[in-house]
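Trainee: just a sequence and a predicted model for now, questions to come.
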Amino acid sequence: MPLAALAALGACASPPLGPAAPDAAGGIAATGPSGEASDDTLITHIHRAIRERDTILVATHQGLFRLAGHGQLVAVSPPIDLMGFAIATDGTYVASGHPAPQSDLPQPVGLIQSADRGRTWSLRSRGGQSDFHALTALGPGVMAFDDALRFSPDRVTWQDRRIPAPPRDLAAGPDGTVLATTERGLLASDDRGLTWRTVTTPQLMLTVTWAGPRTIVGASTTGVLMVSRDAGATWTTGPRSVGEVSAVTATLPGADQIEILLVVGTQVLRTNDLGAQTQILV
């Protein structure tokens, strides 16, 4: 994959539909909070899927949804384009992107947060200035990238950071180590972005996540999944490409188990074996 494609895959566009309940208007039909379908909940682009306890949340161009039975997506939030989305350790949701036309939020929204699991959102900082496509919660603060890498210890004040190459994805681990996928490879910082080191991976990584204190999961530019259980020292590679993966998150349901959620086009997939088998959730 050309290096420029790392950034292009992060752009907000409407990819081709998968087989998951396509609507004739060109998106995936979902329902509002009451369970009733509406024109306002036609999903055209999925940005990220993430598990929060027993719920799988899906951040999309049309807002935040939760996965219900039979692949149905139920609206949680107003129709905000959630380009960047993360869950902080205190349980608040942090995000960035673009508001709906009727919203009171600025364009772009900067950094917004929700203390009620996505039902309502408030502006925290950089409203009208930043559309963070890459964003990760880091303790009480965040690290994010728009046209520059920025760190905020309190979600209000910001400090610019230097990085050897622009990040396509950012992921902070439980100990505060931040990973960044770039055209120069996977980079890691142990000091909130002040310095960076290279982490050797089997393939060029496009998107990355922490599944546990020392477990890293990533997807390559060719769609191959990789996992390290020793914080990047050694890696295991999946047996095949699972497609063009735009986002990945993972959890450890058991000592020898790993659940990986993948966004591939307009589908959300789940795998427990590094992609040998995948289940379509949406």
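Mentor: Received, thanks.
Trainee: only C-alpha atoms for contact and neighbour calcs from this point on.
Mentor: OK.
Trainee: buried sites along stretch 89-105?
Mentor: Neighbour-count burial for stretch 89-105, counted by 16 or more other Cα atoms under 10 Å, picks out Thr92, Tyr93, Val94, Ala95, Ser96, Gly97, His98, Pro99, Ala100, Leu105.
Trainee: mind giving me JSON lines with those residues and columns for distance to Gly232?
Mentor: JSON lines is the format used below for these (distance: Cα to Cα, whole Å):
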{"residue": "Thr92", "distance to Gly232": "28"}
{"residue": "Tyr93", "distance to Gly232": "27"}
{"residue": "Val94", "distance to Gly232": "27"}
{"residue": "Ala95", "distance to Gly232": "27"}
{"residue": "Ser96", "distance to Gly232": "29"}
{"residue": "Gly97", "distance to Gly232": "31"}
{"residue": "His98", "distance to Gly232": "34"}
{"residue": "Pro99", "distance to Gly232": "37"}
{"residue": "Ala100", "distance to Gly232": "40"}
{"residue": "Leu105", "distance to Gly232": "39"}
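Trainee: how about these, which pair is most distant?
Mentor: Distance extremes for those: the farthest pair is Thr92 and Ala100 at 21.2 Å, using Cα to Cα.
Trainee: name the nearest residue to the residue nearest in space to the middle of the chain, sequence neighbours excluded.
Mentor: Taking Cα atoms, centre = their mean, the centroid of the chain lies closest to Arg48, which sits 4.0 Å from it. Excluding the flanking residues, the one nearest Arg48 by Cα to Cα, 6 or more residues apart in numbering is Ala59, at 5.2 Å.
Trainee: state the distance from that neighbour to Ile50.
Mentor: 8 Å (Cα to Cα, to the nearest Å).
Trainee: ok, now Gly193?
Mentor: Distance from Gly193 to Ile50, by Cα to Cα: 24 Å.
Trainee: repeat for Ala144
Mentor: 18 Å.
Trainee: between these two, which has more neighbouring residues?
Mentor: Ala144 (29 against 23; other Cα atoms under 10 Å).
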